[in-house]
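[1] any chance you can model this:
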Amino acid sequence: MKVVIIGGVAGGATAAARIRRLDEQAEIVVFERSGFISYANCGLPYYIGGTIEDESDLTLQTPESFWKRFRVTMKVHHEVTEIHPEEKTVTVKNLDTGAVFTETYDKLLLSPGAKPIKPELEGIESGRIFTLRTVEDTLKIKEYLTARHPKSAVVIGGGFIGMEVAENLKESGVDVTLVEASDQLMAPFDRDMASFIHAQVRKHGIHLMLGHTVEGFADTGQGIDVRLKDSDRISADMVVMAIGVAPETALAKSAGLATGIRGSIVVNNRMETSAEDIYAVGDAVQIKNFVTNTDTLISLAVPVNKQGRIAADNICGGDSRYTGGQGSSIIKIFDMTAATTGINEKTAMTLGIDTDKVILSPMNHAGYYPGGRLMTMKVLFEKGSYRLLGAQIVGFRGVDKRIDVLATAIRAGMKAYQLIDLDLAYAPPYSSAKDPVNLAGYIVENIKNGVVKQWYYEDMEKIPRDGSATLLDVRTPAEYGRGNAEGFVNIPVDELREHIDELEKTKPVYVICQSGLRSYIACRILTGNGFDAYNFAGGFRFYDAVRNDVELARKSTPCGMDDI
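    Predicted coordinates for the structure are as follows:
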């Protein structure tokens, strides 16, 4: 059996190694148009910033090392220009010599990946404008930093690459402006949770411009001007475009393979395309979202590696299946960590899923053990069924552990209230006896059993302030004095019973505290005394962070923005 693979890196290289492990006799040829066949794509921004110092650390395998271990022929600087499914051949161009030749195959695997989006804007071809997708891109940026010593940069796009490049340029001493067309960074997060990311970015001196659209560029001789719609232009020494990627599927389309979302390659759960004996994996393929069972694109390393292995199994006569992706991802933002899995609230609303949520701010480990840090968690579930839909966490320690537990719970089909049943490791330096994931489950269980009723940030402007409801802040007077929500009166929870006769039982009571715990206790006191009480999800800490961020964004956005 002869297997031809188009594209190395994660999908192609993984598949090639797996095929060899399953079939020692197979002939395996990989064509890669760049000069690198297996590299740490996710580590590229950290080489720019100097965290990864040695360029060779980015290269996981070379053509020589791959041949020595796996007897796979890796041909770099070779571009496949045509696929002929009926003849089972591909046309290949040697980019070094210009020679064109035909290669036959029994099985063909496409792993072309995705390419950075570069809109057709005036001045886009400037030598001061960079993208980041390959090792060559990274070396080009690093060389520019070393030779030119730029003092300022504009990063366009607030996704994973944009955020990581902005951080690493800032860590290199460059003054960075981050421009994002939408009203938030990091689209997998909901706007409220993104508020904590925005605050972290601003805290570390990055100029954040949300809701701004780039219209063009102009070289000035000394630098480059970035023209913005409805705003002043920005002058900088360099620009990094990171507005997203598009599936690299021109080859597949010309071969007549079925395509889907944004031109992506349609595959089944065996990673088979519409053409016999042709498989496809990675950023270029359309997959199923595990949570919603809808078609989607997910450009992340973990799904690509899984798909490469599955395709290899099936090429070698197996029957492996890809069960879909749920977008589990994590990012370092200076000393903070942000992570997500499953779908977010805005996606659930778009799909018409009736959704509820819990928001909590637990410590990463036992409160009495030194060095604890708060994290903010948002866990989404379907009303009625309590099916887990997704989770988002922002914090400084222990975020990775909790998001992985929640990702596993989603994959296992657990109900949100069943999070209380998870038997998680505990010692004071690592967690609490009630782990944050367990705590989320306890809150959901209380909702399910009618023990607590919630209200949310988006309800703050809707709750009655005409005297028909009681608005109650149960923090200490000192906390209340440092900031409070308009119209809320202060009765500390420990004094509530002594003042309960001052409240009218005919009025609903909307209760808030710093994190949601004391207000929950207050709600139980009130409910036990015949009141209709509602607990604010997330507490004043959450409310204040979101409110402040919305105000900052409104001031910096040309046309303003609505509250989330």
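
[2] switch to C-alpha atoms for all contacts and neighbour counts from now on
    Will do.

[3] now stretch 476-494: average pLDDT?
    Throughout stretch 476-494, pLDDT has a mean value of 97.

[4] quick check: closest non-adjacent residue to residue 121.
    Excluding its sequence neighbours, the residue lying closest to residue 121 (CA to CA, 6 or more residues apart in numbering) is residue 216, at 5.1 Å.

[5] now that neighbour: which helix or strand?
    With elements taken from DSSP states H and E, the one containing residue 216 is strand 214-219.

[6] also residue 288?
    Using DSSP H and E, residue 288 falls in strand 285-288.

[7] and that strand, C-alpha only, in PDB?
    Extracted in PDB, the C-alpha atoms of strand 285-288 (Å, rounded to 0.1, in the frame of the first residue of the first chain):
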ATOM      1  CA  VAL A 285     -12.200  20.000   7.500                       C
ATOM      2  CA  GLN A 286     -15.800  20.500   8.700                       C
ATOM      3  CA  ILE A 287     -16.600  18.500  11.800                       C
ATOM      4  CA  LYS A 288     -19.500  18.000  14.200                       C
END
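
[8] and the residue nearest to residue 121, how far is that from residue 152?
    18 Å (CA to CA, to the nearest Å).

[9] same thing with residue 241?
    Residue 241 is 15 Å from residue 152, by CA to CA.

[10] who's more crowded, these two?
    Comparing residue 241 with residue 152 by other CA atoms under 10 Å, the one with more neighbours is residue 241, at 22 against 18.

[11] give me every residue that touches the more buried one.
    Contacts for residue 241 were tallied using CA atoms under 8 Å, 6 or more residues apart in numbering; they are 118, 129-132, 155-157, 162.

[12] can you check the pLDDT for residue 353?
    Here the pLDDT value assigned to residue 353 is 97.

[13] the closest residue to it other than its chain neighbours: neighbour count?
    Leaving aside its sequence neighbours, residue 353 sits nearest to residue 382 (CA to CA, 6+ apart; 6.9 Å). Residues lying near residue 382 (other CA under 10 Å) number 18.

[14] same deal with the one 5 residues further on?
    Residue 387 has 19 neighbours, counted by other CA under 10 Å.

[15] beta partners of it?
    Per DSSP bridges, the residues bridged to residue 387 are residue 415.

[16] mind listing what it touches?
    When contacts are counted by CA under 8 Å, 6+ apart, residue 387 touches 381, 413-416.

[17] what segments of the stretch 201-350 of the chain are strands?
    Using DSSP state E, counting those that start in this stretch, the strands of the stretch 201-350 of the chain run over 207-210, 214-219, 224-228, 234-236, 238-241, 245-247, 265-266, 278-280, 285-288, 295-296, 329-333, 336-342.

[18] need those strands in TSV (columns: distance to residue 93).
    Below are the strands of the stretch 201-350 of the chain laid out as TSV (distance: least, CA to CA, whole Å):
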stretch	distance to residue 93
strand 207-210	43
strand 214-219	34
strand 224-228	36
strand 234-236	39
strand 238-241	29
strand 245-247	21
strand 265-266	23
strand 278-280	20
strand 285-288	24
strand 295-296	32
strand 329-333	36
strand 336-342	41
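
[19] dump those strands into JSON lines; add distance to residue 509 and mean pLDDT as well.
    Output for these, formatted as JSON lines (distance: least, CA to CA, whole Å; pLDDT from 0 to 100):
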{"stretch": "strand 207-210", "distance to residue 509": "36", "mean pLDDT": "96"}
{"stretch": "strand 214-219", "distance to residue 509": "47", "mean pLDDT": "95"}
{"stretch": "strand 224-228", "distance to residue 509": "46", "mean pLDDT": "96"}
{"stretch": "strand 234-236", "distance to residue 509": "49", "mean pLDDT": "96"}
{"stretch": "strand 238-241", "distance to residue 509": "49", "mean pLDDT": "96"}
{"stretch": "strand 245-247", "distance to residue 509": "48", "mean pLDDT": "92"}
{"stretch": "strand 265-266", "distance to residue 509": "53", "mean pLDDT": "98"}
{"stretch": "strand 278-280", "distance to residue 509": "57", "mean pLDDT": "98"}
{"stretch": "strand 285-288", "distance to residue 509": "43", "mean pLDDT": "96"}
{"stretch": "strand 295-296", "distance to residue 509": "42", "mean pLDDT": "96"}
{"stretch": "strand 329-333", "distance to residue 509": "38", "mean pLDDT": "97"}
{"stretch": "strand 336-342", "distance to residue 509": "33", "mean pLDDT": "98"}
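
[20] out of these, which comes closest to residue 321?
    strand 285-288 (11.8 Å; CA to CA).

[21] where in the protein is pLDDT low?
    For the chain, the stretches flagged by pLDDT under 70 are 39-40, 556-564.

[22] can you check which helix is longest in it?
    Longest helix in the chain, counting residues (DSSP state H): helix 539-556.

[23] and that one, what other elements does it pack with?
    Packing partners of helix 539-556 (3 or more CA pairs under 8 Å, 6 or more residues apart in numbering; DSSP states H and E): helix 191-203, strand 207-210.

[24] in the longest one, what counts as buried?
    With burial defined by 16 or more other CA atoms under 10 Å, the residues of helix 191-203 counted as buried are 191-201.

[25] any idea how far it is from the chain center?
    14 Å (CA atoms, centre = their mean, to the nearest Å).

[26] check which helices and strands it sits against.
    Helix 191-203 sits against strand 207-210, strand 329-333, strand 388-395, helix 539-556, with contacts defined as 3+ CA pairs under 8 Å, 6+ apart.

[27] show me what contacts the residue nearest to residue 19 when sequence neighbours are not counted?
    Computed as CA to CA, 6+ apart, the closest residue to residue 19 that is not its neighbour in sequence is residue 312, at 5.3 Å. Residues counted as contacts of residue 312 (CA under 8 Å, 6+ apart) are 15-16, 18-19.

[28] swap in residue 438?
    Per CA under 8 Å, 6+ apart, neighbours of residue 438: 419-422.

[29] if you set the cut-off to 10 Å instead, what comes out?
    402, 416-424, 432, 444 (CA atoms under 10 Å, 6 or more residues apart in numbering).

[30] by neighbours, which of those wins?
    residue 416 (31 neighbours).

[31] now the farthest one out in the chain, which residue is it?
    residue 501 (48.7 Å; CA atoms, centre = their mean).

[32] so it, which state does it fall into?
    Taking DSSP: H, G, I helix; E, B strand; the rest coil as the rule, one finds residue 501 in the helix state.

[33] change the start of the numbering to 218 and stick with it
    Got it, the first residue is 218 from now on, which makes the last one we talked about residue 718.

[34] now it: how far from residue 747?
    Relative to residue 747, and taking CA to CA, residue 718 is found at 11 Å.

[35] element containing the closest residue to residue 408 other than its chain neighbours, please.
    Distances taken as CA to CA, 6+ apart place residue 401 nearest to residue 408, at 6.2 Å, with adjacent residues excluded. Using DSSP H and E, residue 401 maps to neither a helix nor a strand.

[36] next: residue 233.
    Residue 233 belongs to helix 226-239, assigned by DSSP H and E.
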